[in-house]
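>>> fold the following for me, if possible:
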Amino acid sequence: MPAVRTTRTVLAAVLVAGLTGTALATPALAADAPATADHTATRAALQAAVDAGVPGAVAQARDGRGAWTGTAGERRGNDRYRVGSITKTFVATVLLQLQAEGRLDLDDPVEKWLPGVVRGNGHDGRRITVRQLLNHTSGVYSVTSDPGFQEKVFGPGFLEHRYDRWTPRQLVDIAMTHAPDFAPGTDWNYSNTNYVLAGMVIEKVTGRPYGKAVENRIIKPLKLRATSVPGTDVRMPKPSSPAYSTLSESPDAPVHDVSRLSPTIAYAAGEMISDSNDLQTFYRALLKGRLLPRAEMKEMTTTVAVSPEFPGVGYGLGLMRQKLSCGKEIWGHGGGIHGSSSEAQATRDGGHSLALNFNADWTGDSAGVLEAEFCGVTPPR
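Down below sits the predicted model:
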């Protein structure tokens, strides 16, 4: 399908590109300014997104002064939304927990757990480790880059196929019809197939759906009441606002309500639903060491370079690091799926966090909201 164009951070662009075909253009930002207690800059950035055409935006922040929630347009502060690739951090956390329990090793070859699955056109699961799936150094082709899949799932064909059910194996088999991006461990490229496979590994190790592991190990212990792994349920839980997409890169294309869809198109690469409060609770708990032992947390935050063009950006195991214009370093993940663009970010100590969502996938600058909250940068008028 034609690329859906948005303006967002390098982080979100890298993460969303595979799942929605997103392109990135980060606008220039105003000069640095100190963060303000009333979140004036963040409010302005949310309104700027709505002024740019996003129907609704919501953000929630927590810091030493407490919690703050801001909205603009058609969004409420407690709305739930599809979080897209933020799902990946939950999946990586479960695999690291399983390693800590001695039930697998991230350096196991994928073939050990999924025999014969990663084969074809140069792909070889015997040469790829679970760790390489999690940090996107496997070279495995991304299913969401397949032209036929894009046309059916992300373009106008979505309206006909929005409720189709896909199995994880079907998604992987589509990827296997293409050559790998590179030899395992020799480069970096974001691939949603990596996390489809990661979810399949969890299911093989635990003998249960990967979503059950996420629920039992993360959602229930942290009491994330707005967070769910929908599986095959096409509905959005309440409260929520509609999600909108043009299903095209054309600025003149009609806007569609895409709130209902089959989560199986994303599976463990991006199917989860949450809200801004729960996402912050999760990332703060993770970064404060409540979910993983110290050794596994060190592995998760050991990053590989994304590109020489972006020296301040690194990808760990389902967790990404980026440096903002004011020099602050934040950790988290971005996510995009039909009609939904999200960010969940926090400082390394978990002391200052932000989670946001736009209910559109063709416009809006989430980078501006991050710069506003963490650096106090007011978006240009």
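>>> can you give me the helices in the stretch 1-150 of the chain?
Here the stretch 1-150 of the chain has its helices, by DSSP state H, counting those that start in this stretch, at 10-20, 40-51, 87-100, 110-113, 130-134, 147-153.
>>> these: which one's closest to residue 190?
Of all the helices of the stretch 1-150 of the chain, helix 10-20 sits nearest to residue 190, with 5.1 Å by Cβ to Cβ. Every C-beta, even on glycine, is put in place using the N, C-alpha and C of the backbone.
>>> between the helices of the stretch 1-150 of the chain, which gets the lowest average pLDDT?
Lowest mean pLDDT within the helices of the stretch 1-150 of the chain: helix 10-20, at a mean of 37.
>>> hmm, back to that, quick one, which of the helices of the stretch 1-150 of the chain is nearest to residue 359?
Nearest to residue 359 among those is helix 40-51; the distance by Cβ to Cβ comes to 10.2 Å.
>>> what comes up buried for the closest one?
For helix 40-51, a neighbour-count test (16 or more other Cβ atoms under 10 Å) marks 41, 42, 43, 44, 45, 46, 47, 48, 49, 50 as buried.
>>> distance of the closest residue to residue 118 other than its chain neighbours relative to residue 39?
Of all residues not flanking residue 118 in the chain, residue 125 sits nearest, at 3.2 Å (Cβ to Cβ, 6 or more residues apart in numbering). Residue 125 sits 47 Å away from residue 39, going by Cβ to Cβ, to the nearest Å.
>>> burial of the closest residue to residue 60 other than its chain neighbours, as a residue count?
Ranked by Cβ to Cβ, 6+ apart and with sequence neighbours excluded, the top spatial neighbour of residue 60 is residue 276, at 3.7 Å. The number of residues packed near residue 276 is 32, by other Cβ atoms under 10 Å.
>>> which residues does residue 276 contact?
Contacts for residue 276 (Cβ atoms under 8 Å, 6 or more residues apart in numbering) come out as 58, 59, 60, 69, 77, 355, 356, 357.
>>> residues in contact with the fifth one?
Contact criterion Cβ under 8 Å, 6+ apart gives 58, 60, 69, 70, 71, 276 as the residues in contact with residue 77.
>>> which among those count as buried?
58, 60, 70, 71, 276.
>>> which one of those residues is nearest residue 371?
The closest of these to residue 371 turns out to be residue 70 (Cβ to Cβ; 14.9 Å).
>>> circling back to that earlier point, how about the buried residues of helix 40-51 in TSV, adding distance to residue 376?
As requested, those are exported to TSV (distance: Cβ to Cβ, whole Å):
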residue	distance to residue 376
41	5
42	9
43	12
44	11
45	11
46	15
47	16
48	15
49	17
50	20
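>>> and the buried ones among the contacts of residue 77 as CSV, adding pLDDT?
Below are the buried ones among the contacts of residue 77 laid out as CSV (pLDDT from 0 to 100):
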residue, pLDDT
58, 98
60, 98
70, 97
71, 98
276, 98
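>>> just the strands in the stretch 51-200 of the chain please.
56-63, 66-73, 81-82, 119-120, 123-124 (DSSP state E, counting those that start in this stretch).
>>> mean neighbour count, these: which tops it?
Highest mean neighbour count of those: strand 81-82, a mean of 30 (counted as mean count of other Cβ atoms under 10 Å).
>>> possible to save the strands of the stretch 51-200 of the chain as TSV with distance to residue 150?
Formatted as TSV, these follow (distance: least, Cβ to Cβ, whole Å):
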stretch	distance to residue 150
strand 56-63	26
strand 66-73	28
strand 81-82	18
strand 119-120	20
strand 123-124	20
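>>> nearest to residue 110, out of these?
Taking Cβ to Cβ, strand 123-124 is the member of the strands of the stretch 51-200 of the chain nearest to residue 110, at 9.2 Å.
>>> paired strands for that closest one, with orientation please.
When pairing is defined by DSSP bridges, strand 123-124 lines up against strand 119-120 (antiparallel).
>>> give me the contacts around the partner strand.
Contacting residues not belonging to strand 119-120 are listed as 125, 176, 177 [Cβ under 8 Å, 6+ apart].
>>> my read: the second one touches residue 123, true?
Yes - using Cβ atoms under 8 Å, residue 176 makes contact with residue 123 at a distance of 5.7 Å.
>>> give me the common contacts of those two.
residue 141.
>>> list the contacts for residue 179?
Neighbours of residue 179 in contact, by Cβ under 8 Å, 6+ apart: 121, 122, 141.
>>> just the buried ones from these?
With neighbours counted using 16+ other Cβ under 10 Å, the contacts of residue 179 contain these buried positions: residue 141.
>>> closest to residue 319 out of the contacts of residue 179?
Nearest to residue 319 among the contacts of residue 179 is residue 141, at 23.0 Å by Cβ to Cβ.
>>> closest one to residue 199 among the helices of the stretch 1-150 of the chain?
Closest to residue 199 of the helices of the stretch 1-150 of the chain, according to Cβ to Cβ: helix 87-100, at 6.0 Å.
>>> now that closest one: buried residues?
Of the residues in helix 87-100, those buried by neighbour count under the rule 16+ other Cβ under 10 Å are 87-99.
>>> likewise stretch 248-266?
So stretch 248-266, judged by 16+ other Cβ under 10 Å, has buried residues 248, 249, 256, 258, 259, 261, 262, 263, 264, 265, 266.
>>> between which two of those residues is the distance greatest?
Greatest spatial distance among the buried residues of stretch 248-266 (Cβ to Cβ): 249 and 264, at 24.9 Å.
>>> okay if I get the helices of the stretch 1-150 of the chain as TSV plus distance to residue 286?
Listed next are those as TSV, based on distance: least, Cβ to Cβ, whole Å:
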stretch	distance to residue 286
helix 10-20	16
helix 40-51	23
helix 87-100	6
helix 110-113	24
helix 130-134	14
helix 147-153	30
